[in-house]
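J.: using only what follows, build the 3D model:
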Amino acid sequence: MRPYSVERGGSRCYDPTEMSECRSLYVHVPFCRSKCAYCDFNSYARQEHLIPAYVDALLREATLWAESRAVGRVETLYFGGGTPSLLPIAETRRLLDGLRQRFDVATGAEVTMEANPESVDAGRLHTLRRMGVNRLSLGVQSFDDAELRFLGRIHDAERAEEAYRAARSAGFASVSIDLIFGLPGQMVAQWRRSLEKAVALGPDHLSLYALTLEEDTPLARRVAAGECAEPDPDVQAEMYTLSSERLAQASCEQYEISNWAKPGHRCRHNLAYWHSEPYLGLGAGAHSYLNGYRLANERAPGRYIELVAAGRGARPWGPTTAPHVESVEQPDAEREMSDAVILGLRLTEGVSMAALGHRFGVDLGERYGREIDELEALGLLESVDGWIRLTEHGRRLGNEAFQRFLP
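T.: Got it, this is the predicted structure:
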């Protein structure tokens, strides 16, 4: 369904007579107690004094979108950051209640909150669970205290295990653990120990990420100054293979390049991204994908608050675009198709040539025939029953495969 119409000079805005097929809502909470050495996310330390005004701004922005009818029934609601679990309980309740008042949140919606181990305790977790948060994503990163200090994390391994057990005691039936591998100087045996500790806890979902050096982060500057070595891609590949094999033994299915889940515990929200489905993002630096348009909000929390307040009565975008929306882009069909192929190939199941070809009105076999043949010859891609998917080797070298599909 197309929830937009053309107005004045070709500008597009929302047609309030139609409902959107958007079913996924992301809320960005950019506050952290400290900034980790490797992190380039839109997050900020020592700005917690902005939280009440920030929640006000989130709800004002939500009102704009609710009035535009850009969102249908919400099936997934994801609080990311930053550290969303830093919000005081009263502000969390105000935010959740306000979103439910503005949007039609399905009874069985997946409601995920990211949390750092040091920011949650038994009481907070019980309250979050009673408020309807039903999926917890714990940013553990490592079960080795020395590695945690190197990364700039402020919890230790014991606190991470306590947070996990507290989540189970609070009634969370879906708990995910994030880990990072391939740190400078990290040995395969060290990674194996962290992985084994995670497996022993029995999480329903694991996200495992190879450390990358992001520009202008403290860790990247340390590497550039020669204070520590660069991550070794060959060692990272060995760790990745070890992870795949070990998690398969633990009955965790790999469904995406960096994600494994027990049956029934795939992250429904992230699947919307990988299936190139529409989603709405609220908050500083949040991105949205609606009806072929990509929108991005102002990144700085203080400025975002000011701009949302200044945009009372404005539409989220259109002839009177709300000032907090920093950019609106309509990728051409070639770029949209490229993005859909690349995102779909992140999934273990891959991409249905027929379904994606129907969506874009092209024969994908003709459009990408040369690229597919080359990747198959390199052992990075395989074609099975009308689907293309990365091989096990291809998942280790995903970027090499993805760049072949760039427009």
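
J.: quick one: residue 56 and residue 91, what's the gap?
T.: The spacing between residue 56 and residue 91, counted by CB to CB, to the nearest Å, is 10 Å. Quick note: C-beta positions are derived from backbone N, CA and C, even for glycine.

J.: now residue 22
T.: The gap separating residue 22 from residue 91 is 25 Å, by CB to CB.

J.: can you check residue 177 too?
T.: Noted for residue 177: a distance of 26 Å to residue 91, by CB to CB.

J.: more neighbours, these two?
T.: Between residue 177 and residue 91, counting by other CB atoms under 10 Å, residue 177 is the more crowded of the two (25 against 17).

J.: now name the helix or strand holding the more buried one.
T.: If you go by DSSP states H and E, residue 177 is part of strand 175-181.

J.: just checking, next helix/strand downstream of that strand?
T.: Heading C-terminal from strand 175-181 (DSSP H and E), you reach helix 188-201.

J.: buried ones in that next one?
T.: Across helix 188-201, burial judged by 16 or more other CB atoms under 10 Å covers 190, 191, 194, 195, 197, 198, 199, 201.

J.: and the gap between the closest residue to the fifth one other than its chain neighbours and residue 362?
T.: Going back to what we said before, that points to residue 197. Nearest non-adjacent residue to residue 197, counting by CB to CB, 6 or more residues apart in numbering: residue 143, 4.1 Å away. Counting by CB to CB, the gap from residue 143 to residue 362 is 47 Å.

J.: again, but for residue 324
T.: Here the criterion is CB to CB. By it, residue 324 lies 36 Å from residue 362.

J.: now do stretch 280-296: distance to the chain's middle.
T.: From the chain centre to the centre of stretch 280-296 is a distance of 13 Å (CA atoms, centre = their mean, to the nearest Å).

J.: report the buried residues of it.
T.: By neighbour count on 16+ other CB under 10 Å, the buried set for stretch 280-296 is 280-286, 288-291, 294-295.

J.: in TSV: these, plus distance to residue 69 and pLDDT.
T.: As requested, those are exported to TSV (distance: CB to CB, whole Å; pLDDT from 0 to 100):
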residue	distance to residue 69	pLDDT
280	12	96
281	17	97
282	16	97
283	20	97
284	24	97
285	24	97
286	19	97
288	14	95
289	17	94
290	11	91
291	12	85
294	20	93
295	16	93
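
J.: state which strand of the protein is the longest.
T.: Ranked by residue count under DSSP state E, the longest strand found in the chain is strand 105-115.

J.: what is that one packed up against?
T.: Under the contact criterion of 3 or more CB pairs under 8 Å, 6 or more residues apart in numbering; DSSP states H and E, strand 105-115 touches strand 74-81, strand 135-141, helix 268-274.

J.: so the first one versus strand 105-115, what angle?
T.: Put plainly, it is strand 74-81. Interaxial angle, strand 74-81 versus strand 105-115 (axes from the mean of the first three to the mean of the last three CA atoms, to 10 degrees): 20 degrees.

J.: show residues contacting the very next helix or strand once past strand 74-81.
T.: Using DSSP H and E, the helix or strand that follows strand 74-81 in sequence is helix 89-102. The set of residues external to helix 89-102 that reach it, using CB atoms under 8 Å, 6 or more residues apart in numbering, is 25, 27, 51-52, 55, 58-59, 62-63, 65-66, 77, 84, 87, 105, 124, 127-128, 131-133.
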